[in-house]
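[1] Pasting the sequence and the predicted coordinates here, then a few questions.
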Amino acid sequence: MTQILRTRPTRDDWLAHPPRATVRPQLRPWLLDPQSLTARIRARCANFEVQVIRQAPMRPHPDEAEVLGLRATDRAWLREVLLLADGVPVVYARSVLPRHNLRGAWRLFHGIGSRPLGAALFSDPRIVRQPLRCTRLDTRDARYHRAMHLMSGQLRLPASLWARRSLFRLRGRALLVSEVFLPTILNLAP
Ligand SMILES: C=C(O[C@@H]1C=C(C(=O)O)C=C[C@H]1O)C(=O)O
């Protein structure tokens, strides 16, 4: 019998609060801080960089499509980046924008280049961040494998990585930003 692997995580695996038992105390502030992650990292290193891995129309992961109200076959604009603190990758981030939202002020998404998306998101008072959710990604999730691929030869990853995500809304149009914390984030002050 073909075992159908459940796509991990589903919407209900993204938690409002990281469980105390399984999240290292030093990681909790990173998972919970509702302010800009860019600003938080910048305050803890001398040189912050955004390394753009990919920015292209792609089919989102099923749980991303679900939270964006997209059909499984819909394509959206995907931006994948690594956030580097003093040259060391500390976060793998994915931002997904439904193509029909790529109008009006979300046009910023197109031309942002290697400038941090967060700088634009947190400077526009019209953009509202919805509550953060977090989950633990493991080998059952493609995003874990993507992070492993991006870090291959640079960094050995643990069996699971904590990630957080939230929607940013502008005039009702949503952008989904997900941030996967690499173990190197713990080298920065909490
Ligand atoms: C949402 C933010 O933007 C950060 C920068 C990103 C980018 O440049 O693509 C993506 C995710 C974030 O970690 C933030 O700074 O909080």
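    That came through fine.
[2] Least confident secondary structure element in the protein?
    When each helix and strand of the chain is scored by mean pLDDT, DSSP states H and E, helix 108-111 comes last, with a mean of 79.
[3] Counting by contacts, list what the very next helix or strand once past that one packs against.
    For helix 108-111, the following helix or strand on the C-terminal side (DSSP states H and E) is helix 117-121. Other elements packing on helix 117-121 under the criterion 3 or more C-beta pairs under 8 Å, 6 or more residues apart in numbering; DSSP states H and E are helix 37-42, strand 173-181. No exception for glycine: its C-beta is placed from N, CA and C like everyone else's.
[4] doesn't residue 147 make contact with residue 178?
    No: Residue 178 is not in contact with residue 147 according to C-beta atoms under 8 Å; the separation is 11.0 Å.
[5] what sits in contact with each of the two?
    Between them, residue 178 and residue 147 share no contacting residue under C-beta atoms under 8 Å, 6 or more residues apart in numbering.
[6] which one of the helices and strands packed on helix 117-121 has the most crowded surroundings?
    Most buried of these, by mean neighbour count (mean count of other C-beta atoms under 10 Å): strand 173-181, with a mean of 22.
[7] Next one: the closest residue to the ligand within the chain from residue 66, what distance?
    Taking C-beta to the nearest ligand atom, the ligand has its nearest neighbour within the chain at residue 118, 1.9 Å off. Taking C-beta to C-beta, to the nearest Å as the measure, residue 118 falls 24 Å from residue 66.
[8] And for residue 181?
    23 Å.
[9] got it, and residue 108?
    Residue 108 is 25 Å from residue 66, by C-beta to C-beta.
[10] Where do the strands of the chain begin and end?
    Secondary structure of the chain (DSSP state E): strands at 48-58, 76-85, 88-98, 127-129, 133-137, 161-170, 173-181.
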